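Colleague: Here is my input, please return the structure:
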Amino acid sequence: MIIRVFGTGCPKCNQTYENVVKAVEELNLKDKVEIKKVTDINEISEWIFVAPGVAFDDYVVFEGKVPTVEEIKEELKKYLEGEQ
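Modeller: Now for the predicted structure:
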């Protein structure tokens, strides 16, 4: 699974990235998940309109807000349940 965190490097984007890393660690998914930080504005604009954003594989889950660690964990659990 690939988690993409979209943002140009602003504090909100950096916080979103940190929250994703923490959520993955807390769910013990480090071996199953690759986290990519997407900072290229052209690539970001192909996925979302407002940064920060988070996508699980090809599905945009959060856009235009800093999700909490708990929100990310909740969405990750739902996503992984749907994959099986």
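Colleague: Show me the beta-bridge partners of the residue nearest in space to the middle of the chain.
Modeller: Taking C-alpha atoms, centre = their mean, the centroid of the chain lies closest to residue 54, which sits 3.2 Å from it. Taking DSSP bridges as the rule, residue 54 bridges to residue 5, residue 62.
Colleague: Check whether it really touches residue 65, as I assumed.
Modeller: No: the pair residue 54 / residue 65 is not scored as a contact, 9.6 Å apart, by C-beta atoms under 8 Å. Every C-beta, even on glycine, is put in place using the N, C-alpha and C of the backbone.
Colleague: Need the pLDDT of the residue nearest to the centre of the chain.
Modeller: Looking at residue 54, its pLDDT is 98.
Colleague: show me the contacts for it.
Modeller: 3, 4, 5, 6, 16, 20, 60, 61, 62, 63, 67, 72 (C-beta atoms under 8 Å, 6 or more residues apart in numbering).
Colleague: how about low-confidence regions in this protein?
Modeller: 84 (pLDDT under 70).
Colleague: mind listing the strands for it?
Modeller: Assigned by DSSP state E, the strands in the chain fall at 2-6, 34-38, 53-56, 59-63.
Colleague: my read: residue 38 touches residue 6, true?
Modeller: Yes: counting by C-beta under 8 Å, residue 38 does reach residue 6; the two are 4.8 Å apart.
Colleague: Could you give the number of residues near residue 28?
Modeller: Burial of residue 28 is recorded as 8 neighbouring residues (other C-beta atoms under 10 Å).
Colleague: Residue 5 versus the residue nearest to the centre of the chain, what's the distance?
Modeller: From residue 54 across to residue 5, the span is 6 Å (C-beta to C-beta, to the nearest Å).
Colleague: got any residues that touch both of those two?
Modeller: 16, 20.
Colleague: before we move on, the earlier item: just curious, which of the contacts of residue 54 is nearest to residue 45?
Modeller: residue 6 (9.3 Å; C-beta to C-beta).
Colleague: Give the burial count for residue 71, as a bare number.
Modeller: That count, for residue 71 with other C-beta under 10 Å as the rule, works out to 16.
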